[in-house]
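In: I need the structure of the sequence given here:
(chains A and B)
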Amino acid sequence: MFVKKPFVILALLALTSAPAFAQKKPAAKAPAKKAVSGISAATLLQGKSIYTQYCLTCHQADGLGVDGMNPPLAKTDYVLGDKTRLIGVLVNGLKGVDINGEEYHGVMPSQAYLNDQQMADVLTYVRNSFGNKASAVTVSEVKTVRATGKK
Amino acid sequence: MKNSITRPLLLTAALAGSFSLYSLTSKPTVAPDADNAGLKLPAGFGALVVAETGGRARHLAVTPEGNIFVKLNRPKDGKGILELKPTATGKATVSNGFGSYGGTGIYAKGGYLYASSDEDVYRYKLDAKGEVTNPTQPEKIVSGLLNRGEHESKSIVLDNAGNIYVNVGAYSNSCQVKDREKGSMGRPDCPILDSAGGIWQFRADKAGQTYGTGTRYATGLRNVVGLDWNAQNNQLFVMQHGRDQLHDIFPAMYDTKQSAEQPAECLYEITKGANAGWPFLYYNGLTHQKILAPEYGGDGKKLADPKYLEPAAAYPAHMAPDGLLFYTGTMFPAKYRNGAFIAFHGSWNRAPEPQKGYYVVFQPFKNGKPSGQWEVFADNFAGSDAKAAAGRADHKPCGLAQGPDGSLYVSDDKAGTIYRIVYNQK
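Out: Residues are numbered from 1 along each chain as shown, chains lettered A, B, ... in the order given. Alright, predicted model coming up:
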């Protein structure tokens, strides 16, 4: 599992409430991966739970998707790049995209039944799993996209 | 796909009073690879890698001369169809390429090679050497078939009366108002069925056909990739890809295990006008019942209207049957003759349960009907059990074809490997 290691690190981070200390600690414990600051273990745990329930069937446990159908979530611009576009995918769904030169035909329905917090958590989780490392998606960012980007 | 040339060829040869072709085709020169191309096979069988095409090899056809034509899902270097010419050892190299379109369907019969894009069907003339004479100017026999990016492949097969059958898959999982969206209900009467979700019949020798000139031969079929004409009872058989995502869409009705295991992949015996019932039902392969779809008022147990076609056989859910071939050769032992080989591409929708498939199955037949339990015939395309369970297969079997000597050819649309399975015991 890709997710375990960063999760353990982040759990350690959460236990140490002083932010300054938290910055030094992971380097010593696990030099391979540095957690993105400001992301709590609770957020990732919540995100993982939502991922398992709603996303895993198509995107798979390893986040690598399904050939020709369901896009991978690991190391793609869609996930790591523009957050507004990424939130928009959850809000509006997506179909027929090219990712890293591969065509994907799967239909992703809108996940608008998730609330703002759930969307922020699952996107933060995805942006920090499967080998990804990127900043958190916040509730206010989700709110903004929902207010302006919804079709 | 299979070509059904062996029989007409023998007939022609007999009529001409010449047995030279026959002696050519029965020459046993092909040796399996030392590792049987990585496959696990029944005793007495061997396999070799014919070629690595490096493309997404969907269906394939073999001419009476042994030339192999492979349809690529996406053109490679501008070529959507590859021709492979085998040497005496069975190994082949790509000798030719043509057809600038991607697609799935390819079939050789009666001196013609038929191939499909995701919208159109083309026909090429084959000469006496099994070479295409008009690679850049095929006849476009059917055009304008629906392609909305879901279940878009158009598989093809011919009967013995000059008709070609084309699958037009439904651009939907279960005809919901919002495709695959949680809780979304089914569209009344499912208007998709007017132009998709079935098999269309066209004339094989006529250019310029469209929906208007074709016949909707069978309906209520969600998506068919593997199909073949059974010469024994002169009938079409198709493998339907069963529905996805019962749990994702109706989590209160189905848990993940039920969602992974219930909606079987079905073999249907088709007669003109048949209706297999999609999207109004799915076939529960565990209880052998036609279940009313939750999108149309089902609760996971209510039975569907019994008027819909009963499957001829059912296989584990989500394994994605992409190739169907009735074996008419004499190379394999007698039990295989007139039985069906089915290429299961492998599942994705069984997660979080382990994935399944990535093998070629043999379904015994008797008098044109499935008879007896199916068995895994060629296994380990995935490379290991762990890779299969994770859905990370090295190879994914897709197309099947029978060679003039009775060899079974298998294409792989993951790595592009072309396999040939032979029987060596006497």
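In: what does chain A put close to chain B?
Out: Contact residues (Cβ under 8 Å from any Cβ of the partner chain) of chain A with chain B: A:52-54, A:56-58, A:60-62, A:64, A:66-70, A:93, A:95-96, A:103, A:105-110, A:113. For glycine as for every other residue, the C-beta is placed from the backbone atoms N, C-alpha and C.
In: where along the stretch 1-150 of chain B do the helices fall?
Out: Per DSSP state H, counting those that start in this stretch, the stretch 1-150 of chain B carries helices over the ranges B:6-16, B:20-25.
In: now what about stretch A:94-109, what contacts it?
Out: If you take Cβ atoms under 8 Å, 6 or more residues apart in numbering or on different chains as the criterion, stretch A:94-109 is touched by A:58, A:65-72, A:76-78, A:89, A:93, B:74, B:149-150, B:152, B:173, B:178-182, B:184.
In: run the last query once more with 7 Å
Out: Identification of contacts with stretch A:94-109 by Cβ atoms under 7 Å, 6 or more residues apart in numbering or on different chains yields A:58, A:66, A:68-72, A:76, A:78, A:89, A:93, B:149-150, B:152, B:178-181.
In: Equivalent analysis for stretch B:244-251, please.
Out: Here stretch B:244-251 makes contact (Cβ under 7 Å, 6+ apart) with A:57, B:173, B:180, B:182-183, B:254-256, B:258-259, B:262-263, B:294, B:349.
In: so where do the strands sit in chain A?
Out: With strands called from DSSP state E, chain A shows them at A:94-99, A:102-108.
In: likewise the stretch 151-300 of chain B?
Out: All strands of the stretch 151-300 of chain B, identified by DSSP state E, counting those that start in this stretch, fall at B:156-158, B:163-168, B:198-203, B:215-219, B:224-230, B:235-240, B:265-270, B:274-275, B:281-284, B:289-292.
In: And the shortest one, how far out from the chain middle?
Out: Centre-to-centre, strand B:274-275 and its host chain are 19 Å apart (Cα atoms, centre = their mean, to the nearest Å).
In: Could you list the residues in contact with it?
Out: With Cβ under 7 Å, 6+ apart as the contact definition, strand B:274-275 has outside contacts at B:218-220, B:308-309.
In: The most centrally placed residue in chain A: what's it in contact with?
Out: For chain A, residue A:126 is the residue whose C-alpha lies nearest the centre (Cα atoms, centre = their mean; 1.9 Å). Shown in contact with residue A:126 (Cβ under 7 Å, 6+ apart): A:51, A:73, A:79, A:132.
In: Now with 10 Å, please.
Out: A:47-48, A:50-51, A:55, A:59, A:63, A:73-74, A:79-80, A:86, A:90, A:132, A:134, A:137 (Cβ atoms under 10 Å, 6 or more residues apart in numbering or on different chains).
In: Repeat that for residue A:82.
Out: Contacts of residue A:82 (Cβ under 10 Å, 6+ apart): residue A:88.
In: what's the pLDDT at it?
Out: Note for residue A:82: predicted pLDDT of 95.
In: Could you find the closest non-adjacent residue to the closest residue to chain B within chain A?
Out: Nearest to chain B, among the residues of chain A, is residue A:109, at 3.7 Å (Cβ to the nearest Cβ). Spatial nearest neighbour of residue A:109, excluding adjacent residues (Cβ to Cβ, 6 or more residues apart in numbering or on different chains): residue B:181 at 3.7 Å.
In: okay, now the one you found: neighbour count?
Out: Residue B:181: 20 surrounding residues under other Cβ atoms under 10 Å in any protein chain shown.
In: how much space between residue A:43 and residue A:145?
Out: Separation of residue A:43 from residue A:145 (Cβ to Cβ, to the nearest Å): 18 Å.
In: what's the answer for residue A:94, then?
Out: 14 Å.
In: ok, back up a step: buried deepest among the strands of chain A, which one?
Out: Comparing those on average neighbours per residue, with mean count of other Cβ atoms under 10 Å in any protein chain shown, the densest one is strand A:102-108 at a mean of 19.
In: Show the contacting residues for the residue nearest to residue B:272 when sequence neighbours are not counted.
Out: In space, not counting the residues next to it along the chain, residue B:272 is nearest to residue B:217; the distance is 5.7 Å by Cβ to Cβ, 6+ apart. For residue B:217, the contact set (Cβ under 10 Å, 6+ apart) comprises B:163, B:165-166, B:198-202, B:236, B:270-274.
In: Fine by me, we can end here.
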